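# Structure for the following, please:
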Amino acid sequence: MLSDTKTYTPQLAVTLGDPAGIGTEVILKALAAPLAGCVVTLVGSRSHLVVTYQQLRSRHPTLPLANPDNLQILDSTLAPDLEQQIAIGQESAASGAASFQYLETAIAHALSGAFHGIVTGPISKAAWSAAGHPYPGQTELLAERAGVDRFGMLFVARSPHTGWTLRTLLATTHIPLRDVADALTPALLTRKLDLLLDCLRQDFGLETPRIAIAGLNPHSGEQGKLGHEEQDWLIPWLEDTRLRLPHLRLDGPTPPDTLWVKPGQAWFGSTQTAAAFNPADAYLALYHDQGLIPVKLMAFDQAVNTSIGLPFVRTSPDHGTAFDIAGLGIAEATSMRAALELAVALCHERYKTGNTETSDQLSSGSANVAVTGI
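Numbers count the residues shown, from 1 in each chain. This is a model prediction of the structure:
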């Protein structure tokens with residue numbers, strides 16, 4: 001039986017990401033202020049963490065940073081020759097190998113029941129590939145190690161202007177634009193939509209959400225004049241889905257250029273509240289840039305990437321390694337802080353509804369991992 005939610009303390013693993021990038025910096029900044037309601041364990045090289053902290057403190061004596069001496073660390077020690085090859089700001093096979101090792105360590109411990117969720121620092125796909133790990137991204141590695149083939153990338157952000165929450169799921173992710181139309185099928189959209197519905201119920205408590213679905217072509221094809229995908233299968237699929245799920249409101253296919261008008265109004269607000277603009281509870285974009293250009297335009301510093309369909313929570317800041325500014329102390333940590341806070345909220349929501357495979361194992365609030373630090 002689950003223990004009282006008041007005694008439940010989520011255990012979060014936070015990977016450092018690529019050690020040559022800004023991951024360690026934004027994590028130290030994000031943890032400078034206490035993060036209530038959870039226990040955080042950093043996963044990565046303790047020596048790299050300490051060196052980075054010392055360098056940042058030397059450059060910026062008053063910069064708000066968490067001291068590694070006060071943090072719980074699962075030391076994923078790097079081989080000496082590998083660590084010597086890593087240089088701040090320089091993307092390399094060595095830095096890729098390190099970030100891959102950190103994530104694999106966190107995944108293994110999460111699957112063993114030690115963590116409720118993983119918050120990942122940014123990695124370089126090119127560095128992973130150079131290290132012999134040609135995954136499209138961290139999401140795909142997480143899904144493979146967890147043994148799931150039904151997963152997705154959901155981007156979540158809470159507006160600092162109105163408090164409205166933007167949720168955007170991508171139907172396709174890291175594939176070339178020329179391959180998108182061939183990759184999109186009724187079966188794929190059914191899998192993604194059902195996954196999104198499960199997530200909205202499990203992680204956000206939305207039983208009957210309203211979901212807006214994008215068209216593929218300009219003006220959603222304009223009755224076949226600007227593309228045939230909508231007429232051939234997207235509109236018929238949507239009509240069949242409405243019959244299958246009559247309790248839901250499914251809008252679309254909405255022309256991609258107008259899909260984001262209401263979210264933009266709800267995000268930035270005016271003299272009205274977000275609800276006055278009647279935005280959807282979630283948006284299903286058909287390809288990477290169709291969804292992420294508006295998300296990053298509205299919420300670059302607030303957006304969080306969360307992998308849905310996994311047996312544990314996973315969130316990540318919605319930005320990359322920024323090698324060009326690594327080590328300078330000027331990286332913005334808002335998205336990392338948002339990723340940490342969302343992970344805590346999602347863990348609590350899953351625990352409250354009993355939708356977690358590790359809640360019974362960790363209800364006492366103590367992770368079974370070997371750590372150093374406080």
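
# Could you say which helix or strand holds the residue of the chain most remote from its centre?
With C-alpha atoms, centre = their mean as the measure, the chain has its most outlying C-alpha, relative to the mean C-alpha position, at residue 225: 36.9 Å. Assessed by DSSP states H and E, residue 225 sits outside every helix and strand.

# What of the one 10 residues further on?
In this assignment (DSSP H and E), residue 235 forms part of helix 235-244.

# Equivalent analysis for residue 196, please.
helix 186-204.

# and the following helix or strand past that helix, which strands flank it?
Next helix or strand after helix 186-204 toward the C-terminus (DSSP H and E): strand 210-214. Sheet partners assigned to strand 210-214 using DSSP bridges are listed as strand 249-254 (parallel), strand 282-285 (parallel).

# Okay, buried residues for strand 210-214 please.
Across strand 210-214, burial judged by 16 or more other C-beta atoms under 10 Å covers 211-214. C-betas here are computed from N, CA, C, even on glycine.

# how about TSV for these, with pLDDT added?
Shown next, in TSV, are the buried residues of strand 210-214 (pLDDT from 0 to 100):
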residue	pLDDT
211	98
212	98
213	98
214	97
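
# right, and residue 303 touches residue 336 too?
No - Residue 303 is not in contact with residue 336 according to C-beta atoms under 8 Å; the separation is 11.3 Å.

# More neighbours: these two, which one.
Just comparing residue 303 and residue 336: by other C-beta atoms under 10 Å the higher neighbour count belongs to residue 336, 31 against 24.

# Read off the pLDDT value for the more buried one.
Listed pLDDT for residue 336 reads 96.

# And residue 252, by the same measure?
If you check residue 252, the pLDDT there is 93.

# Can you name the residues bridging to the residue nearest to it when sequence neighbours are not counted?
Leaving aside its chain neighbours, residue 252 sits nearest to residue 213 (3.5 Å; criterion: C-beta to C-beta, 6 or more residues apart in numbering). Residues in a beta bridge with residue 213, per DSSP bridges, are residue 284.

# And residue 213, how far from residue 314?
Counting by C-beta to C-beta, to the nearest Å, the separation of residue 213 from residue 314 is 24 Å.

# One more: residue 239?
Applying C-beta to C-beta to residue 239 and residue 314 gives a distance of 34 Å.

# Over to residue 250?
27 Å.

# still on that earlier bit, so who does the residue nearest to residue 252 touch?
Residues in contact with residue 213 (C-beta atoms under 8 Å, 6 or more residues apart in numbering) are 189, 193, 238, 250-254, 283-284.

# again, only using 7 Å
Under the criterion of C-beta atoms under 7 Å, 6 or more residues apart in numbering, the neighbours of residue 213 are 238, 250-254, 284.

# Report pLDDT for residue 203.
Note on residue 203: pLDDT of 92.

# count of residues packed around it?
Counted with other C-beta under 10 Å, the neighbours of residue 203 add up to 23.

# Just list the residues touching it, thanks.
With C-beta under 7 Å, 6+ apart, residue 203 has these contacts: 346, 349-350.

# quick one: the strands in the stretch 251-374 of the chain?
Using DSSP state E, counting those that start in this stretch, the strands of the stretch 251-374 of the chain run over residues 282-285, 304-308, 313-317, 372-373.

# in the sheet, who's paired with the residue nearest the centre of the chain?
Centroid-nearest residue in the chain, with C-alpha atoms, centre = their mean: residue 305, separated by 2.1 Å. Note on residue 305: beta-bridge partners residue 155, residue 316, judged by DSSP bridges.

# Could you report the separation of it from residue 296?
On the measure of C-beta to C-beta, residue 305 and residue 296 end up 11 Å apart.

# Find residues that contact each of those two.
Counting by C-beta under 7 Å, 6+ apart, the residues touching both residue 305 and residue 296 are residue 318.

# circling back: out of the strands paired with strand 210-214, nearest to residue 104?
Among those, the nearest to residue 104 by C-beta to C-beta is strand 282-285 (29.7 Å).
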